[in-house]
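**Student:** Mind folding the following:
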Amino acid sequence: MTETQQLARSTPVGDDRVVEPDSVAAAPRIIGVGTAVPAFSYTQQELLDVFRIEDPRIRSVFLNSAIERRFLNLPPEQDDGTRRIETQGELLAKHRTHGIEMGVRALQACLKQAEADLDDVAYLCCVSSTGFLTPGFSALVIRELGLGQHCGRLDVVGMGCNAGLNGLTAVSGWAGAHPGKLAVMLCIEACSAAYVFDGTMRTSVVNSLFGDGSAAVAVLADPEDRREGPTVLKFASCIVPEAIDAMRYDWDDEAGKFSFFLDREVPYVVGAHAELIISRLLAGTGLRRDDIAHWIIHSGGKKVIDSVMINLGLSRHDVRHTTNVLRDYGNLSSGSFLFSYSGLVEEGLVRQGEYGVLMTMGPGSTIETALVQWRGTDSRSGGPSARLGDG
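**Tutor:** You can find the predicted model right below:
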């Protein structure tokens, strides 16, 4: 048995979860990805002008974020040119309406790349942290697209920016347990539905960072299927309970709505634990960090990316897709890493046998990771390329 076969069939230890298919060929593979964003985008300067922000501290946060542009659904414009302050009810309506619209386009783009049809979707996991719905996005998207009434579903709500890999863990497990059936994870983040404009530094940091976007990934475990894409080999998690309040989405009594908070120490908490979780992910595989050809990291913010780079000894080239997503889209919460993965597919430079690491970070404080390998693929790994933001 080869080293890779041993890795794919090994037993989970602690929070390290290894896919255990009947054969290596039947391991879950990512066979498609799709993304979608709103129709309108704004530069950081345009947003400062729209909201008439003059405070030099807040302007500095916006203009020194390494973000050039974000796609957002802004509040309605009033007669005097200012933007109306939305109620919590209006924000929830935005979360639902724009979330469904973006989610549908991302899922359709994903299925097109995967060369699959709506009827092929047997399991749908929807991930979101920008609002609360019952029934959740999974039921609403199934109705909107007319998916089969027997489609299995899961909603992952409120886990934050790391949740995309939590969802991928569930989808990969389901695909491995149902060979030949297509599972899809859909991240829907209407981050502008979580904005609070009160002029404080707390809310301004959040308002300067997040963008709206949706991303979907299709996973299949089928030894007979010849579609290309990386095999999902292993997952590992790390939670830092003492930093549980560093990132939180809670009720703001003064504003009368929910508000997101980011502690200034978040980048250092994440960076300090990055080496630990990667060592755990690679433990027992025979791989070293130098063996990882592709790093797909959540675009959490400039300081977060820099902290991870320094602690893992990565180069600017290693995180190019992450920084590109931050520059062009901002932080897209749970779907950010899939926008970066889409950039890797678009680049078309992956080679057979290469390994990749997916990494997301979020509230908890939490770091989630996955190890993947491209097998039997050419430079167009993942199927026909789709440009970032295409719907």
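
**Student:** All the helices of the stretch 101-250 of the chain, residue numbers only.
**Tutor:** If DSSP state H, counting those that start in this stretch is used as the criterion, the helices of the stretch 101-250 of the chain fall at 137-145, 163-177, 201-207.

**Student:** Out of those, indicate the one that is most buried.
**Tutor:** Most buried of these by mean neighbour count (mean count of other CB atoms under 10 Å) is helix 163-177; its value is a mean of 24. Just so you know, the C-beta spots here come from the backbone N, C-alpha and C atoms, and that holds for glycine as well.

**Student:** just checking, what packs against it?
**Tutor:** Judged by 3 or more CB pairs under 8 Å, 6 or more residues apart in numbering; DSSP states H and E, helix 163-177 is in contact with strand 121-128, strand 152-157, strand 182-189, strand 213-220, strand 230-239, helix 336-347, strand 355-362, strand 366-374.

**Student:** For the nearest residue to Asp55 once chain neighbours are set aside, give its distance to Thr82.
**Tutor:** Once flanking residues are discounted, Asp55 sits nearest to Gly199: 7.1 Å by CB to CB, 6 or more residues apart in numbering. Distance of Gly199 to Thr82, given as CB to CB, to the nearest Å: 13 Å.

**Student:** anything in contact with each of the two?
**Tutor:** The overlap between the contact sets of Gly199 and Thr82 (CB atoms under 8 Å, 6 or more residues apart in numbering) is empty.

**Student:** Name the helix or strand for Gly99, please.
**Tutor:** Assigned by DSSP states H and E, Gly99 falls within helix 88-113.

**Student:** Identify each buried residue in that helix, please.
**Tutor:** 88, 91-92, 94-96, 98-113 (16 or more other CB atoms under 10 Å).

**Student:** Equivalent analysis for stretch 334-348, please.
**Tutor:** For stretch 334-348, the neighbour count (16+ other CB under 10 Å) marks 334-346 as buried.

**Student:** what's the answer for stretch 323-332, then?
**Tutor:** Buried positions in stretch 323-332, judged by neighbour count with 16+ other CB under 10 Å: 323, 325-332.

**Student:** And the strands in the stretch 201-350 of the chain, which stretches?
**Tutor:** Along the stretch 201-350 of the chain, counting by DSSP state E, counting those that start in this stretch, strands occupy 213-220, 230-239, 247-252, 257-262, 292-297.

**Student:** sorry, back to before: return the member of the buried residues of stretch 334-348 nearest to Ile58.
**Tutor:** Distance to Ile58 across the buried residues of stretch 334-348 (CB to CB) is lowest for Ser336, with 23.3 Å.

**Student:** so where is the stretch 51-200 of the chain shaky, pLDDT-wise?
**Tutor:** Within the stretch 51-200 of the chain, no stretch has pLDDT under 70.

**Student:** My guess is Val240 contacts Pro363. True?
**Tutor:** No - Val240 is not in contact with Pro363 according to CB atoms under 8 Å; the separation is 10.4 Å.

**Student:** And the two? Which one has more around it.
**Tutor:** Neighbour count, other CB atoms under 10 Å: between Val240 and Pro363, Pro363 has more, with 24 against 16.

**Student:** Would you check that that one makes contact with Tyr249?
**Tutor:** Yes - assessed by CB under 8 Å, Pro363 is found in contact with Tyr249 at 7.5 Å.

**Student:** between those two, what contacts are shared?
**Tutor:** With CB under 8 Å, 6+ apart, Pro363 and Tyr249 have common neighbours Gly160.

**Student:** still on that earlier bit, make CSV out of the helices of the stretch 101-250 of the chain and add distance to Pro28.
**Tutor:** Shown next, in CSV, are those (distance: least, CB to CB, whole Å):
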stretch, distance to Pro28
helix 137-145, 19
helix 163-177, 4
helix 201-207, 34
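
**Student:** How many residues are close by Asp120?
**Tutor:** 16.

**Student:** what does the one 4 residues further on give?
**Tutor:** Number of residues near Leu124 (other CB under 10 Å) recorded here: 26.

**Student:** May I have the beta-bridge partners of it?
**Tutor:** Beta-bridge pairing for Leu124 (DSSP bridges): Arg153, Val184.

**Student:** which residues does it contact?
**Tutor:** Leu124 sits next to 138, 141-142, 147, 151-154, 183-184, 186 when contact means CB under 8 Å, 6+ apart.

**Student:** Identify, from those residues, the entry nearest to Ala221.
**Tutor:** Nearest to Ala221 among these, counting by CB to CB, is Ala183 at 8.6 Å.
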